[in-house]
Every structure is written in C-alpha cells, then in structure tokens.
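K.L.:
quick one, fold the following:
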Amino acid sequence: KLILLDSLLQELTSLQLHSVVTMLIDKPGVLAVIKVEHLVLPSGHKNQSLLEQTDLHKYQEEHKIPDNFCRKNKESNIQMKFSCWPCRIVIESVVALRDHLSGGKHLENAANPVDYSEYFIDTALNGIWKKRKGVKRPLEETRLSKRERTKKNKIARSIPILTQYTEEKYEETETYFENGLRKVRPYHFTFTTHAKGRWVGDKLFDVFAREFRAMEPKEYARCIEAGLVRVNDKASSVDYRVQNNDFISHNVHRHELPVTEQKINIINEDDDWVVVDKPGSIPVHPCGRYRHNSMTFILAKEHGLKTLQPVHRLDRLTSGVLIFSKSAAKARLMEQLITAREVEKEYVCRVVGEFPEEEIVCEEPIEVISYKIGLCVVDPKGKDCKTTFQRLEFKNGVSIVKCWPKTGRMHQLRVHLQFLGFPITNDPLYNSEIFGPEKGKGGDIGKSQEQLVQDLIKYHTVENWINSGEYEASEIVSETEIIENLDKIEVKSEIKEEPSIKTDAEKQKLSEDLETCAPFCDPNCGECKLAYKDPPPESLVMYLHALKYSGDGWSYQTEMPNW
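P.N.:
Just a heads-up that it's a prediction; the model follows:
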C-alpha cells in the first residue's frame with residue numbers, strides 16, 4: 001500500500017507540474033523545447049550544438065516535464081532547455097521557467113510581440129537568438145558600449161550604480177609600502193551578482209553557505225541578519241527564497257593580501273598595445289583577495305592606463321611578458337591568434353634535479369579536477385597538451401629549463417614538469433608531498449582525485465601556512481598564495497587565539513598597528529583583530545618566467561630573471 005501511495009503521489013506531482021505549465025502556456029508560438037548537445041572541439045574549447053526544437057505547447061501533449069527536465073545526461077551529453085520567443089532568451093531550468101513566465105518583462109514582451117522574421121535561433125550554437133544578416137540594431141544601441149548598455153539597464157531597473165564601477169573606485173583606499181611589500185589599507189566593498197539559475201528557489205543562506213567559502217556559514221548568517229547581504233537593495237533574511245533575476249549584494253570589509261613592491265617595467269606602448277614585465281605575486285586583474293593589488297589597478301592608478309584589456313593571463317606568482325590591449329577589438333584579435341596557436345610562447349623555469357640534456361616533448365593530457373581550488377592533473381580524459389623542454393644549465397641540484405608550450409592549458413608547464421619528475425623548485429602547489437612521496441611523478445598521487453582535493457583544501461589555509469616550517473624557510477611561497485583564486489584561502493570568522501603573536505613585543509606591535517589603522521578598522525570585522533606576519537619579499541615569486549611572446553611581424557621579450 002505504501003509503495004502504491006508513493007507512486008500515486010509522484011504521478012500527482014508530475015501532473016500538477018504539467019498542468020501549471022500548460023495553464024501558463026495556453027497557445028503555441030510562445031515557448032519551445034530545444035535539445036542541445038555539449039561538445040568539446042579539437043581545439044579543446046567547449047561548444048553546444050542545437051539538435052532539434054519543438055513548440056512547448058505541442059510537446060506537453062505527449063510528454064511530462066519533471067523538475068529535473070533540464071539536467072544534462074552525463075553519458076550522452078544531451079541537455080533539454082527552453083527558448084522563449086517573446087523575450088528571445090534561453091532558459092535552463094524548470095524553476096527558472098516558472099519565475100520567468102510570471103515576470104513583468106515576459107508579460108510585457110508577450111503583449112507586444114516583435115517581428116520574429118528578423119531573428120533566428122542559431123542551430124550551431126546553443127540555440128542563442130541572433131538577428132539575421134542585414135538587420136541592423138537601432139542606432140542608439142550601436143553607439144553604446146557593453147558597459148554603457150549595462151549602466152542604462154541598471155538605471156531602468158532602479159539598481160544603484162556603485163562607486164566601485166566608476167572612476168572613483170581608484171580612490172576607495174590607500175596604497176602604502178612597507179618591508180619591501182605593496183600594501184592596501186582595509187576598505188569597504190560591495191560584491192554584487194544576479195541570481196544564477198541553480199540558485200532559484202533555494203534559501204539565501206543555503207546559497208551563500210554552498211557557493212562561497214570566504215567565510216564560515218554562521219558568519220554568512222550573521223551578515224544576512226545584519227543587513228550586510230541585501231536582495232534588490234532591501235534587507236533580507238536567511239529563509240528568503242531566491243527568485244529569478246534577483247540582484248544580490250554583500251558589503252564586506254575587504255583586506256587585501258600584500259604583493260611585492262617591485263616596479264612594473266613597461267616593455268612597449270603604442271596606440272593599440274601595452275606590454276609589461278609583470279612581477280611575481282601580482283595577479284593580472286582583480287580576483288579573490290586582490291583588487292587594488294592587481295596589474296590592471298596598479299597600471300591605472302600609477303601609469304594612467306585605465307582602459308586596458310588583458311589578452312592573456314599569467315599565474316599570480318609567474319613573472320614576465322604580459323600583453324594588454326587598449327581596445328576590446330584589438331584584444332579579441334590577439335585572443336584569436338592565441339587560440340589559433342599562431343603566437344609562440346617561450347618560458348624559463350628552475351626545477352628540482354638534473355633535467356635531461358636532450359630535448360623533451362611532453363604530450364600528456366591535462367584535466368582540471370577542481371575549478372573551486374584551481375587544481376589540475378595528468379589524466380587520459382583531459383584536454384590535449386604539448387610542451388617542449390630544453391635544459392640550459394644544471395648546477396647545485398637544480399636545472400634551468402626553457403619551455404615552449406604549444407597549447408595553453410591551465411597550469412600546463414607546472415603539471416607537465418611535475419609529471420616528468422622535475423617540479424619547479426618553489427612551486428607551492430605541485431612540488432608538494434600531498435601528491436605522495438614522489439610528488440605526483442608519472443601521474444602517481446597514491447589517492448583518489450577527490451581525496452587529493454580535500455587534502456589540499458584542509459592543509460592550505462592561512463593559519464596553517466603562517467605557522468608552517470615552509471613559511472619560516474620562505475623557500476616556498478608566502479601566505480598570499482598556496483592556491484590561486486577566491487576560494488583557495490579560507491578566512492576563519494572566529495579564532496579564539498592569535499597564534500601568530502608569540503611575544504610581548506609582537507603584541508605591542510599589533511596594538512600600535514591597530515591604533516595607526518584605526519580609521520580603516522571595522523569593529524565587526526574578524527580580520528581586523530588578526531595579526532599576520534609579512535611574507536618575505538623573496539618568497540613572492542615562483543621560478544617560472546614568461547620570457548618571450550612573438551607572432552607574425554612582432555615580438556616582445558624581457559631580460560632573463562635574476563634567479
């Protein structure tokens with residue numbers, strides 16, 4: 001009886017969902033069901049191909065639509081989505097569809113339909129709506145940049161434009177130099193985002209606890225109840241259910257980590273390009289716990305270059321050639337050359353052990369096993385990769401090696417060198433015994449990939465690093481790295497003691513620092529009550545340097561690094 005009752009309840013739930021959608025879509029020509037196949041191209045880029053589309057009104061006559069209707073089939077890589085004709089958008093979940101159909105924007109568009117003959121669904125790319133060739137956008141839109149259109153949309157929706165998105169952002173804090181480091185005074189900052197499809201229907205607290213790791217869950221709960229987390233510019237609660245297109249903001253007291261004070265050398269500047277020699281420890285653009293201590297902000301504030309577009313990226317600890325464009329059009333041009341592998345890249349590194357004298361070519365595929373912490377391993381299921389290595393010198397147990405990466409996978413040089421058994425000497429991630437006694441040589445990590453990720457998350461925290469032997473030895477990188485994005489450094493919201501303060505002199509220094517920084521302190525900020533050691537400047541660089549980037553008719557190169 002219980003089994004029969006459960007079956008009837010499931011059938012009733014399905015019928016109720018079916019009737020809700022049918023009631024809202026009472027005529028054809030409003031929504032379509034599209035079938036999409038997820039593909040990985042030979043170049044390694046991901047793509048989505050539209051296989052077929054059916055009017056939703058007709059589709060419901062023969063099929064039921066459960067809540068997991070849009071879940072991708074991992075075996076066939078097929079995913080079902082919805083396409084809204086009046087709004088010309090693609091919707092990727094049933095919950096988001098319900099909210100969309102009851103939203104004011106959809107009702108307005110449905111009441112004022114456009115001439116659909118001007119549009120078509122691109123059958124080769126994810127079912128995205130496009131205008132047919134020869135059909136021009138209104139003159140006003142053609143004159144607006146993407147940033148200007150975003151500003152216009154925010155004004156139309158009464159969304160406040162924060163200072164951090166204007167020229168005033170460069171004045172929101174102070175930069176100062178101390179002990180060979182570039183430091184930033186703490187400042188208040190508001191993170192903003194629109195609700196993602198997977199968040200819709202979930203509690204606000206659950207979204208923050210699941211999606212973000214900069215704070216502990218109970219600290220997120222405190223921020224929500226204190227009004228620091230707002231939805232549509234209004235105070236909310238931990239039990240609030242996220243709605244489609246909600247605008248969520250979180251005001252934090254931001255503490256940036258220090259970077260080297262080394263001067264940025266401009267290799268070349270003309271009407272289209274700016275090429276610099278990036279010092280180690282400085283990220284290319286704002287990310288994680290870095291904003292004013294990023295290349296784009298430093299170049300804007302200190303060199304007056306406020307409209308730069310990075311065309312490629314280097315790991316934060318990697319130094320060397322970094323190319324910026326002065327326009328989005330030129331940036332896309334260079335990105336296309338790099339994607340087509342028409343740009344030759346040359347790196348130099350210092351590795352553990354005696355690297356073979358002959359040229360070595362490594363073509364092991366690399367897979368990202370955790371985007372959350374930015375971790376890659378050699379895996380047969382990974383993307384194709386190719387790197388050529390040539391030893392330049394061997395001395396005192398370390399080798400200087402030149403590297404020519406043919407492809408541009410995440411951490412490619414570091415992972416290939418680890419696989420060959422010659423990790424970069426001060427690589428904080430891939431030259432670690434967390435990968436096993438052989439440190440991942442030959443792809444042997446001695447544990448599952450899931451366990452490896454958990455071990456790295458557990459070990460690589462600020463507190464563990466400050467009190468580690470490696471920190472004192474400073475052969476490996478400082479507290480500012482270990483893992484290279486927002487989610488890689490855990491900041492504990494409650495710490496009962498301050499382990500980095502060990503002597504009366506250090507306690508006195510902390511007291512003096514707090515008095516000096518009083519205007520910049522927030523009594524509700526846990527980090528304001530902590531004292532971190534300064535990382536030794538020499539530990540803020542990894543021995544990996546982008547020596548040269550070149551293409552047809554152009555070449556940019558730096559001097560060899562001093563190490």
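
K.L.:
show the residue spans covered by the strands in the stretch 351-500 of the chain.
P.N.:
Ranges of strands in the stretch 351-500 of the chain, per DSSP state E, counting those that start in this stretch, are 360-362, 366-370, 375-378, 387-395, 398-405.

K.L.:
pick the most buried one from these.
P.N.:
strand 375-378 (a mean of 22; mean count of other Cβ atoms under 10 Å). C-beta here means a position set from N, CA and C on the backbone, and glycine is covered the same way.

K.L.:
now do that strand: which elements does it pack against?
P.N.:
strand 366-370, helix 412-420, helix 449-459 (3 or more Cβ pairs under 8 Å, 6 or more residues apart in numbering; DSSP states H and E).

K.L.:
now the shortest one against helix 449-459, angle please.
P.N.:
So the one you mean is strand 366-370. 60 degrees (axes from the mean of the first three to the mean of the last three Cα atoms, to 10 degrees).

K.L.:
check the second one too.
P.N.:
Regarding helix 412-420 and helix 449-459, their directions subtend 110 degrees when assessed with the same axes, to 10 degrees.

K.L.:
and the average pLDDT for helix 412-420 is what?
P.N.:
For helix 412-420, mean pLDDT rounds to 97.

K.L.:
before we move on, what about the longest one?
P.N.:
Regarding helix 449-459, the rounded mean pLDDT is 85.

K.L.:
name the residues of that helix that are buried.
P.N.:
By neighbour count with 16 or more other Cβ atoms under 10 Å, helix 449-459 contains the buried residues L452, L456, I457.

K.L.:
ok, the closest residue to T318 other than its chain neighbours to L317 distance?
P.N.:
Nearest residue to T318, sequence neighbours excluded (Cβ to Cβ, 6 or more residues apart in numbering): L544, at 4.9 Å. The gap separating L544 from L317 is 7 Å, by Cβ to Cβ, to the nearest Å.

K.L.:
thinking again about what came up before, next one: phi and psi at the residue nearest to T318?
P.N.:
Dihedral pair for L544: phi -140, psi 120, per degrees, to the nearest 10.

K.L.:
ok, it to V348 distance?
P.N.:
8 Å.

K.L.:
more neighbours, the two?
P.N.:
Between L544 and V348, L544 has the larger neighbour count (other Cβ atoms under 10 Å), namely 26 against 20.

K.L.:
isn't that one right next to T425, touching?
P.N.:
No: L544 lies out of contact with T425 (Cβ atoms under 8 Å); the separation is 10.0 Å.

K.L.:
ok, L314 touching G320?
P.N.:
Yes: L314 lies in contact with G320 (Cβ under 8 Å); the separation is 6.6 Å.

K.L.:
these two: which has the busier surroundings?
P.N.:
G320 (24 against 21).

K.L.:
pLDDT wise, what is the residue nearest to the more buried one when sequence neighbours are not counted at?
P.N.:
Once flanking residues are discounted, G320 sits nearest to A546: 2.9 Å by Cβ to Cβ, 6+ apart. Each residue has a pLDDT score; the one for A546 is 97.

K.L.:
cool, V274 as well?
P.N.:
On the pLDDT scale, V274 gets 97.

K.L.:
can you pull out the helices in the stretch 201-350 of the chain?
P.N.:
Shown for the stretch 201-350 of the chain, the helices assigned by DSSP state H, counting those that start in this stretch span residues 204-211, 217-225, 295-303, 328-339.

K.L.:
out of these, nearest to V361?
P.N.:
Among the helices of the stretch 201-350 of the chain, helix 328-339 comes nearest to V361, with 20.7 Å by Cβ to Cβ.

K.L.:
any chance you could list what contacts that closest one?
P.N.:
By Cβ atoms under 8 Å, 6 or more residues apart in numbering, the surrounding residues in contact with helix 328-339 are 43, 45, 272-273, 309-312, 323, 325, 343, 408, 551.

K.L.:
buried ones in that helix, by neighbour count?
P.N.:
K330, A331, M334, E335, I338.

K.L.:
shaky segments in the chain?
P.N.:
1-24, 42-45, 114-147, 160, 460-519, 538 (pLDDT under 70).

K.L.:
what's stretch 66-86 in contact with?
P.N.:
Contacts of stretch 66-86 (Cβ under 8 Å, 6+ apart): 14, 17, 29-39, 48, 51, 53, 56, 89-95, 97, 100, 106, 109-110, 113-114, 116, 121, 127, 129.

K.L.:
buried residues in that stretch, which are they?
P.N.:
Here stretch 66-86 shows F69, C70, Q79, M80, K81, F82, S83, C84, W85, P86 as buried, counting by 16+ other Cβ under 10 Å.

K.L.:
run the chain-centre distance for the helix or strand where the fifth one lies.
P.N.:
For K81, the enclosing helix or strand under DSSP states H and E is strand 78-84. The chain centre lies 25 Å from the centre of strand 78-84; the measure is Cα atoms, centre = their mean, to the nearest Å.

K.L.:
ok so, going back, identify the contacts common to L314 and G320.
P.N.:
K278, A546.

K.L.:
show me what the host helix or strand of H545 packs onto, helices and strands only.
P.N.:
If you go by DSSP H and E, H545 is part of strand 544-551. If you count contacts as 3+ Cβ pairs under 8 Å, 6+ apart, strand 544-551 packs onto strand 319-325, strand 344-352, strand 554-557.

K.L.:
and the contacts of that strand?
P.N.:
Contacts for strand 544-551 (Cβ under 8 Å, 6+ apart): 278, 314-315, 317-323, 337, 342-349, 402, 413-414, 424, 427, 555-558, 560-561.

K.L.:
just the buried residues from those, in ChimeraX please.
P.N.:
The ChimeraX command for the buried members of these (criterion: 16+ other Cβ under 10 Å) is given here:
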select :278,314,315,317,318,319,320,321,322,323,343,345,346,347,348,349,402,413,414,424,427,556,557,558,561
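
K.L.:
would you agree Q164 falls within a strand?
P.N.:
No: going by DSSP: H, G, I helix; E, B strand; the rest coil, the assignment for Q164 is helix, not a strand.

K.L.:
of the contacts of helix 328-339 - the most surrounded one?
P.N.:
Neighbour-wise, the contacts of helix 328-339 (other Cβ under 10 Å) top out at I323, 23 neighbours.

K.L.:
what residues are bridge-paired with it?
P.N.:
V275 (DSSP bridges).

K.L.:
isn't it up against Y556?
P.N.:
Yes: with contact defined as Cβ under 8 Å, I323 and Y556 form a contacting pair (6.9 Å).

K.L.:
quick check: neighbours shared by these two?
P.N.:
V275, Y549.

K.L.:
one step back: out of the buried residues of stretch 66-86, the closest to L162 would be?
P.N.:
Distances from L162 to those, taken by Cβ to Cβ, are shortest for C84, at 30.0 Å.

K.L.:
kindly export stretch 395-407 (C-alpha atoms) in CSV.
P.N.:
Presented in CSV, the C-alpha positions along stretch 395-407 are these (Å, rounded to 0.1, in the frame of the first residue of the first chain):
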residue,chain,number,x,y,z
LYS,A,395,74.1,23.3,-11.0
ASN,A,396,73.8,22.6,-7.3
GLY,A,397,71.0,20.1,-7.7
VAL,A,398,68.7,22.3,-9.8
SER,A,399,68.3,22.8,-13.5
ILE,A,400,67.4,25.9,-15.6
VAL,A,401,65.0,24.8,-18.3
LYS,A,402,63.4,26.6,-21.3
CYS,A,403,59.8,25.7,-22.1
TRP,A,404,57.7,26.1,-25.3
PRO,A,405,54.1,25.4,-24.6
LYS,A,406,52.2,24.7,-27.9
THR,A,407,48.8,24.7,-26.1
